[in-house]
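Trainee: return a 3D structure for these sequence lines:
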Amino acid sequence: MQNKLWYTKKAVKWEEALPVGNGRLGAMVFGNLKKERIALNEDSLWSGYPKDLNKKDAAEYLSELREAIFSGDHNRANKIANRDFHGHWSEAYLPFGDLIIEYSMPGAKGYSRELNLETGVSKTENDIICQSVFASHPAQLIVVNIKAKEKISFKLRLTSQLRNRCYTENETLFMQGDAPEICMPPYYNEGVVFDYGSGAMNFCAALRVIGNAEFEKDCVVFKDQKEATLLLSLATSFVDFKSMPRADAKARAVSYFENAKSFDELLSEHTSDHSALFNRVELDLGSERADLPTDKRLKNFQKNDDDNNLAALLFQYGRYLTIASSRKGTKASNLQGIFNEHLRAPWSSSYTTNINTEMNYWCTDICNLSECFEPFFEQVKHMAENGRVTAKDYYNCGGTVAHHNSDIWGASYPAGDPLGKAHAQSYAYWQSPLPWMLNQVFEHYRYTEDEALFEEMKPYFKEVLDFYKDYLVEKDGVMVTCPSSSPENTFIDNGVKGNLTYMPTMDIGILEEFFANCREFGFETPKIPNIPIGSDGRINEWAKEYKENEPEHRHVSHLYCVYPSAIEQSEEINEAARKSLYARGFGGTGWSLGWKVCLWARLKNPENAMKLIKNQLYPILSPLSELHKGGGSYPNMFDAHPPFQIDGNFGVAAGIAEMFKTRTLPKNWSGYVRGIKLYGNKELSLKFENGIITEEKVK
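Mentor: Residues are numbered from 1 along each chain as shown. Sure thing, here's the model as predicted:
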């Protein structure tokens, strides 16, 4: 199959542009050969600086809050939690700026643009010019090469939404600027929501060229050239998660030019590095409409059954985006991976740790990209270190704890309205991210069998276990978490809507796996309740059989015990999970579809998984489109929440890989797969015909 996205027209919206990235640097290429925009990101450009934003008297209200929850006084529980137990919004991931290329040339024909997933190169061309863009991991530079059949002229500028100044110096175009000290999420508009202050980081872009150019005051001009190569370096003053951001961003940006080589050398070095990761897995599902531009393929897929390889392309795109947004030594992939154009991004483009951050890394190991996992564990370490203070301030417990949202500074407090006025009870006061995230680190160990990792994660398991030994409280003769919630979902109890509860089923599933992992280290663990099955035969979501406020809610948190948990459940639990999934339906946000694909794959129902994949490939034309019930994909195949969230891309890739791992395939798939990763550092290859496996190899 062709691992390529391609189009016959330029991108107008950001969701039509094509992404390139090296884990640290990201660029969205619009492919406009009159006035090109290449939107830029760098993974350490965030608002704020290290702060202790824990509410220091929160633990004083814990007993009162638990009493309200246990007695079923939901309104009182909400009031205490929001007024006396609140935290602060996490910080925001920020857009770096844009490289603008203004071309001056006669009209041209034969336009096309593409993204080659195998090489990691975006190419735009017509019958006069060819523009190639990639983000080199070895060189740590964004490289733009422009070749023309006849002499052309063009001008380069750097711009940013953030406060900045541009100038030229020593044949280099610089853009230096400042990140804000305060950047509240877009849905919060009380008081000061955006302010530069004096404590936040600064950033620097530096542009050099290979070719003949004139460096003017704030731009670079090329006149009558047939070829030029642009080398773009981005850097910030970020030091680490617990230090003030006072590094020399300009010196850091300039230092990357030490890696500069000729374009051919840079391209060869980049493609060798990228392809060595990407080409580990091959997939062909038999039928393909690669003759159609990708945006038209998305439309065609909903009507015709002649393009199974669009699902294969979606799978490989998830792998591509993993390589682009997470490499050893980079920051963890955030809500938008590494690609964000918004000054106040949806949900601050931060780390939402009640599903999204974890989902970002579901496909790394099984999709044979284990080297891309390291930033996830680094984020866990930062949250765990800060969480020691949160455990004491909020729960008067030892060990460490974190909540549903974090950032580059490792935030661990319950993120929400800093004044305690908002209704944050449906999301903020859930304390299970760290055991979930550590379960995922242990799963990484199962794939890699890295004994050094086993020893490295042991003290983190111990600290989180220490928290739960202190935190669990007795209720009706069993130990439970309280306060907690089933993330973002609402129940109805005697006509009153509630969120806060004790021992929701998600907590049981997470702790069941976490305590099992703890025992692998030789630690003794508390006894907790079993996964509950309700009177209707479904897995019960809460401690009691409450009425559901939204039966088809996007979160399927109570099914954690089936996926991603590594605990092998009984057929009784699996059957209850199937009933629960049918009740949730086949719609939802993009990432919700990805999770359901994984669940149906784990439950060995590939036809239902395929229904969800088809829904995820539903074409969404605008970022402001009303929510299609089945989620969807933007023209560039980014996952449409909407708006864009990258976790859906990663989730569906993991789900397709899970179908191969469980050897259960849709009836209309014929072809082969090579390189799916199994536990023990093994690889699976299959050949199949009409969903029936005809050949299997494990090495």
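Trainee: mind checking the pLDDT average for stretch 156-172?
Mentor: Mean pLDDT, computed over stretch 156-172, is 97.
Trainee: now do it: everything it contacts.
Mentor: 94-102, 173-180, 196, 203, 205-209, 213, 215-222, 230, 254, 343 (CB atoms under 8 Å, 6 or more residues apart in numbering). The way it works is simple: take the backbone N, C-alpha and C, and place the C-beta from them, glycine included.
Trainee: buried ones only from those, please, as a ChimeraX command.
Mentor: What follows is the ChimeraX syntax for the buried subset of the contacts of stretch 156-172, where burial is set by 16 or more other CB atoms under 10 Å:
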select :94,95,96,97,98,99,100,101,173,174,175,176,177,178,179,180,196,203,205,206,207,208,209,213,215,219,220,222,230,254,343
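Trainee: for H382, what are its contacts?
Mentor: Contacts of H382 (CB under 8 Å, 6+ apart): 241-242, 406, 409-410.
Trainee: please redo it, this time with the cut-off set to 10 Å
Mentor: Contact analysis of H382 by CB atoms under 10 Å, 6 or more residues apart in numbering lists 240-242, 331-332, 402, 406-412.
Trainee: quick one: the strands in the stretch 151-300 of the chain?
Mentor: With DSSP state E, counting those that start in this stretch as the criterion, the stretch 151-300 of the chain has strands at 164-168, 173-178, 182-183, 194-195, 202-210, 214-215, 220-236, 282-284.
Trainee: what's the neighbour count on the residue nearest to K223 when sequence neighbours are not counted?
Mentor: Nearest residue to K223 in three dimensions, chain neighbours excluded: S153, at 4.9 Å (CB to CB, 6 or more residues apart in numbering). Counted with other CB atoms under 10 Å, residues neighbouring S153 total 14.
Trainee: re earlier: let me know the closest of the contacts of H382 to G537.
Mentor: Taking CB to CB as the measure, G537 sits nearest to A402 out of those, at 34.3 Å.
Trainee: tell me, how many residues neighbour that closest one?
Mentor: Using other CB under 10 Å, A402 has 32 other residues around it.
Trainee: my read: it touches K381, true?
Mentor: No - under the criterion of CB atoms under 10 Å, A402 is not in contact with K381, lying 11.3 Å apart.
Trainee: shared neighbours, those two?
Mentor: Common contact partners of A402 and K381 (CB under 10 Å, 6+ apart): G410.
Trainee: could I get the strands of the stretch 151-300 of the chain as JSON lines with distance to Q131?
Mentor: What follows is those, written out as JSON lines (distance: least, CB to CB, whole Å):
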{"stretch": "strand 164-168", "distance to Q131": "22"}
{"stretch": "strand 173-178", "distance to Q131": "18"}
{"stretch": "strand 182-183", "distance to Q131": "33"}
{"stretch": "strand 194-195", "distance to Q131": "34"}
{"stretch": "strand 202-210", "distance to Q131": "14"}
{"stretch": "strand 214-215", "distance to Q131": "20"}
{"stretch": "strand 220-236", "distance to Q131": "10"}
{"stretch": "strand 282-284", "distance to Q131": "29"}
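Trainee: nearest to R602, of the ones you listed?
Mentor: Per CB to CB, nearest to R602 of the strands of the stretch 151-300 of the chain: strand 282-284, 19.4 Å.
Trainee: need the residues that contact the closest one.
Mentor: Residues lying outside strand 282-284 but in contact with it, judged by CB under 10 Å, 6+ apart, are 1, 3, 308-309, 311-313, 315-316, 319, 656-657, 660, 669-676, 685-687.
Trainee: the residues you listed in helices, which ones?
Mentor: Applying DSSP state H to these, the entries found in helices are 309, 311-313, 315-316, 319, 656-657, 660.
Trainee: give me the phi and psi for the closest residue to H270 other than its chain neighbours.
Mentor: Residue nearest to H270 in three dimensions, not counting chain neighbours: S136, with 4.2 Å by CB to CB, 6+ apart. The phi/psi pair for S136 (degrees, to the nearest 10) reads phi -80, psi 120.
Trainee: residues near Q225, how many?
Mentor: Neighbour count for Q225, taken as other CB under 10 Å: 17.
Trainee: let me see the contact set for M610.
Mentor: Per CB under 10 Å, 6+ apart, neighbours of M610: 308, 311, 597, 600-601, 656, 659, 665-669, 691.
Trainee: so which of these is the most crowded?
Mentor: Counting neighbours by other CB under 10 Å, the top entry in the contacts of M610 is I656, with 32 neighbours.
Trainee: pretty sure that residue contacts N309?
Mentor: No - contact between I656 and N309 fails when scored by CB under 10 Å: they sit 12.0 Å apart.
Trainee: need the residues touching each of those two.
Mentor: Here I656 and N309 have 283, 285, 315-316 as joint contacts, going by CB under 10 Å, 6+ apart.
Trainee: show me which of these are buried.
Mentor: Among the shared contacts of I656 and N309, those classed as buried by 16+ other CB under 10 Å are 283, 285, 315-316.
Trainee: so which of those residues comes closest to Q440?
Mentor: Lowest distance from Q440 to the buried ones among the shared contacts of I656 and N309 (CB to CB) belongs to F315, with 20.2 Å.
Trainee: that closest one touches E658, doesn't it?
Mentor: No - if you go by CB under 10 Å, F315 and E658 don't touch, sitting 11.0 Å apart.
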